[in-house]
Structures are given as C-alpha cells and as structure tokens.
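Asker: Got a predicted model here, sequence first, then my questions.
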Amino acid sequence: MEYKFASDYAREIGQQIQGDVDRIVRARQQAADRAREEQRYKEQQDRMARQEQKADERYADQLYGYTKTAMETPPSGVDGWAAEGLQLALDEWQRAATQHKLEPTDANTQMLQQAKAQYDNIKNVATAKFAMNSKTMNEIRSGKMTNLAGGVELAEQMWKDYSQAPEWQLGENGKLYIIGEGGLQDWTQSRYADLNDVFVPQIKAEETAFSSGTWSESLFKQSYQAKKQAYTVFNEAGFGMGELDNAKLYADISNSVSDRVRTNPQMLRQMAFEQWKRDNPGVDYMTEAHQQEALTLYNPELISTAIDGESISSGQLNENGQFVFNITDAQIDGNKSMNAEQKRGLKM
C-alpha cells in the first residue's frame with residue numbers, strides 16, 4: 001500500500017509540477033503575444049505618423065514652394081543693371097523659405113511672402129525691360145532704325161552708359177536697396193523699377209508741316225506768290241524800283257502768322273523748336289530730347305498769359321522783319337502776380 005500511495009503522490013506531484021510549467025509557458029506565450037501585438041501597434045502608429053508627417057510636408061511644400069524655391073535660378077535674359085539685385089533677392093527668398101520650413105511661425109510666414117513678392121517683382125521688371133531693350137538694340141545694330149541720330153557707335157556708348165549696374169544692398173528687413181549719392185533708396189522707388197525707363201537712343205525728331213522751310217513755302221504759294229507785285233516799290237512814273245515795301249510785307253506776314261496760330265495752335269510748338277535751332281546753330285538736326293528741351297525753355301502754354309490785358313505773345317514784325325512784342329520787359333518785371341522764375345521764363 002505504501003508503494004501505491006507513494007506512486008500516486010509522485011504522479012500527482014508530477015502533474016502539479018507539469019501544470020505549473022504549462023501555466024508558466026502559457027503566461028510567457030501570452031506575454032510574448034501581447035508584446036508582439038504592442039510592437040505591431042507601435043510600428044503601425046509610427047508608420048501612420050511618418051505618413052502624416054510626409055503628407056504635411058508635401059502640403060507645406062505645395063503651399064510655400066520650398067522645393068521650387070531651392071531649385072530657382074535667376075533668369076539669364078536680363079540687362080546688366082539687374083543681375084546683382086536679382087541674385088540678392090533670390091538669396092533672401094531661399095533663406096526665408098529655409099527659416100520658415102524650420103520654424104513656420106507667423107513672423108517667418110510674413111518674411112517668406114515678402115521675399116517671394118520682392119523676387120517676383122524684380123524678376124518680372126528685369127525680364128520685361130530686357131525684352132524691350134533687346135528689340136531696340138537689335139533694330140539699331142541691324143540698321144532698321146532709320147531715324148537714329150548720331151550713328152550706331154553713339155548708340156552703343158549710350159547703351160553702355162544706360163546699362164551701368166547700380167550698387168545693391170540687402171537691408172536687415174530683407175528689402176532691396178540701391179546705394180546712391182543721397183544714401184539708401186528703396187529699389188521700387190528708383191528708376192530701375194519703372195517699366196517706362198527703357199533705353200532710348202537719340203532719335204531724329206520728325207519735321208512738322210509748320211517747320212520754317214516747309215511752312216514758309218506753303219505760305220508763299222498760298223498767299224503771296226500771286227500778289228508779289230503788291231509789295232514792289234514803284235516810282236511816281238510807275239516804274240519798279242527793284243525794292244520791296246518791307247513794312248507792308250512784314251505787316252501782312254505778321255497777320256498771316258497770327259491767323260495761322262489761332263487756327264493751328266500746334267504751330268507754337270514748332271516756334272519753340274525753331275528758336276532752339278537758332279540758339280544751337282551747330283546742331284544738324286533735332287532729337288526728341290532736344291524738342292523737349294525747347295518746349296521747356298520756350299513753353300507754348302505761356303501764350304495764354306496776359307499782362308495789363310495784353311497777351312505776352314502779341315506783337316508785330318517791324319520793317320526789318322524783327323518781331324516786336326507789345327509787352328515790354330519792364331511790364332513783366334513790374335507784374336506782382338508772378339515770381340522771379342516765371343518772369344525769367346517769359347523773357348526767354
């Protein structure tokens with residue numbers, strides 16, 4: 001009996017030990033399963049986080065153009081004045097994009113938007129002016145600009161002067177400036193930002209129908225050719241003396257000019273041009289710049305100015321063919337409604 005009981009006890013103890021081992025194995029297996037499940041969950045969460053981060057990065061890249069900004073290069077088709085300014089603007093845009101990518105704060109967003117707008121502005125202005133200037137220079141060099149004054153060599157020198165690059169500087173605020181005699185100037189307020197400030201060579205100004213030669217011939221044929229004998233001086237016997245009645249001729253011409261001016265106000269501009277030519281006898285032709293100078297010196301609009309009820313432009317040709325104004329310099333000096341500069345302008 002004792003052997004039987006001992007065998008039962010051993011079997012029961014063995015079963016208990018085996019049961020404990022099985023429980024330990026199952027517990028370990030369950031723990032390993034939980035660990036693997038937790039690892040799979042963690043890996044899944046990490047993948048989702050990475051995917052979400054990449055999605056955010058793609059969205060930010062689309063929104064702020066980080067990749068495009070990094071790959072941007074300045075256009076090669078620009079005039080020399082713009083090259084340094086373009087590069088500075090691009091450097092600032094790329095710097096602002098990098099800073100915004102690291103720290104997408106409101107302040108950095110504003111700096112990025114400012115830098116991009118600045119670069120786009122100078123790029124658009126530079127390329128537009130380059131296109132216009134290239135067309136002009138191609139016409140000059142190919143001989144297609146028939147009204148060019150001074151020849152191709154002078155135009156090339158003027159182009160070289162026009163294309164001189166200014167000294168650029170990037171301010172601490174990220175804005176572009178040009179260094180001039182008066183200090184720093186915002187480039188957008190300079191002539192370089194003006195699309196109208198393109199290269200213009202010296203151009204021969206077109207003669208108008210009121211140029212002295214053309215208009216004198218027209219006036220002679222229309223009014224004086226048929227009655228030229230009326231201005232011949234005759235003696236008491238009715239024989240021509242070979243002389244002209246200058247007083248009568250110039251009085252009639254003066255009246256003709258006055259009548260033409262009233263009906264053709266643009267004649268006043270030509271008068272300014274004619275006076276400029278007389279003041280500059282060595283110039284073979286007028287350029288458009290010369291014409292503008294003439295209109296500044298001899299302003300046609302001053303014809304409407306009156307002193308003591310008399311237009312300052314009123315007067316007559318004397319018997320020597322010289323125009324005598326009805327208003328004297330003394331009357332101009334004595335006029336209290338004008339300043340010194342205006343008085344000087346009337347006497348020109």
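Answerer: Thanks, I have the structure now.
Asker: Can you report the mean pLDDT over the residues of the helix or strand encompassing residue 130?
Answerer: Residue 130 belongs to helix 106-141 when assigned by DSSP states H and E. Averaging pLDDT along helix 106-141 gives 93.
Asker: and what of stretch 306-318?
Answerer: 73.
Asker: Quick check: phi and psi on the residue most central in space within the chain?
Answerer: Ranked by distance to the mean C-alpha position of the chain (CA atoms, centre = their mean), the top residue is residue 194 at 1.8 Å. Backbone torsions of residue 194, given as degrees, to the nearest 10, read phi -90, psi 120.
Asker: what about it, distance to residue 106?
Answerer: To residue 106, residue 194 is 33 Å away according to CB to CB, to the nearest Å. In this view, the C-beta of every residue, glycine as well, is placed from N, C-alpha and C.
Asker: picking that back up, show me what the helix holding residue 130 packs onto, helices and strands only.
Answerer: On a contact count with 3 or more CB pairs under 8 Å, 6 or more residues apart in numbering; DSSP states H and E, helix 106-141 meets helix 83-102, helix 151-162.
Asker: Pick the most deeply packed of these.
Answerer: helix 83-102 (a mean of 19; mean count of other CB atoms under 10 Å).
Asker: which secondary structure elements does it contact?
Answerer: Using 3+ CB pairs under 8 Å, 6+ apart: helix 83-102 touches helix 2-64, helix 66-71, helix 106-141, strand 167-170, strand 176-180.
Asker: got a list of contacts for that helix?
Answerer: Outside helix 83-102, the residues that touch it by CB atoms under 8 Å, 6 or more residues apart in numbering are 60, 64-66, 69-70, 72-75, 78, 108-109, 111-112, 114-116, 118-119, 122-123, 126, 165-166, 168, 170, 174, 176, 178, 187, 192.
Asker: before we move on, the earlier item: out of the helices and strands packed on helix 106-141, which comes closest to residue 278?
Answerer: If you check each of the helices and strands packed on helix 106-141 against residue 278 by CB to CB, helix 151-162 wins as the nearest, at 24.3 Å.
Asker: got the domain boundaries for this protein?
Answerer: 1-64, 78-193, 212-347 (automatic domain parsing).
Asker: Need those in CSV (columns: distance to residue 201).
Answerer: Below are those laid out as CSV (distance: least, CB to CB, whole Å):
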stretch, distance to residue 201
domain 1-64, 44
domain 78-193, 4
domain 212-347, 9
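Asker: hey, which of those is tucked in deepest?
Answerer: Among these, highest average neighbours (mean count of other CB under 10 Å) belong to domain 78-193, with a mean of 16.
Asker: What's the end-to-end length of it?
Answerer: Counting by CA to CA, to the nearest Å, you get 13 Å between the two ends of domain 78-193.
Asker: next one: stretch 297-309
Answerer: 24 Å.
Asker: isn't there a helix covering residue 172?
Answerer: No: using DSSP: H, G, I helix; E, B strand; the rest coil, the assignment for residue 172 is coil, not a helix.
Asker: Residue 115 against residue 174, yeah?
Answerer: Yes: using CB atoms under 8 Å, residue 115 is in contact with residue 174, at 5.8 Å.
Asker: if we can go back for a sec, any idea how far the residue nearest to the centre of the chain lies from residue 188?
Answerer: Applying CB to CB to residue 194 and residue 188 gives a distance of 10 Å.
Asker: repeat for residue 278
Answerer: For residue 278 relative to residue 188 (CB to CB), the value is 43 Å.
Asker: do residue 82 as well
Answerer: Counting by CB to CB - residue 82 and residue 188 are separated by 13 Å.
Asker: List the beta-bridge partners for the closest residue to residue 166 other than its chain neighbours.
Answerer: Nearest residue to residue 166, sequence neighbours excluded (CB to CB, 6 or more residues apart in numbering): residue 178, at 4.7 Å. Beta-bridge partners for residue 178, by DSSP bridges, are residue 168, residue 185.
Asker: Just to check, residue 178 is in contact with residue 167?
Answerer: Yes: between residue 178 and residue 167 a contact is recorded at 6.9 Å, counting by CB under 8 Å.
Asker: what about residue 283, helix or strand, and which?
Answerer: Counting by DSSP H and E, residue 283 is part of no helix or strand.
Asker: Quick check, it in contact with residue 290.
Answerer: Yes: at 7.1 Å, residue 283 counts as touching residue 290 under the criterion of CB under 8 Å.
Asker: ok, now how distant is residue 44 from residue 37?
Answerer: Distance from residue 44 to residue 37, by CB to CB: 10 Å.
Asker: Please name the residues that touch residue 289.
Answerer: residue 202.
Asker: distance of it from residue 30?
Answerer: 97 Å.
Asker: Centre of the chain to stretch 149-164, how far?
Answerer: Offset of stretch 149-164 from its chain centre (CA atoms, centre = their mean, to the nearest Å): 20 Å.
Asker: Would you agree residue 246 is in contact with residue 322?
Answerer: No: between residue 246 and residue 322 there is no contact under CB under 8 Å: 10.9 Å.
Asker: Leaving out the residues flanking it, which one is nearest to residue 73?
Answerer: residue 90 (7.7 Å).
Asker: Return the distance of the one you found relative to residue 167.
Answerer: On the measure of CB to CB, residue 90 and residue 167 end up 18 Å apart.
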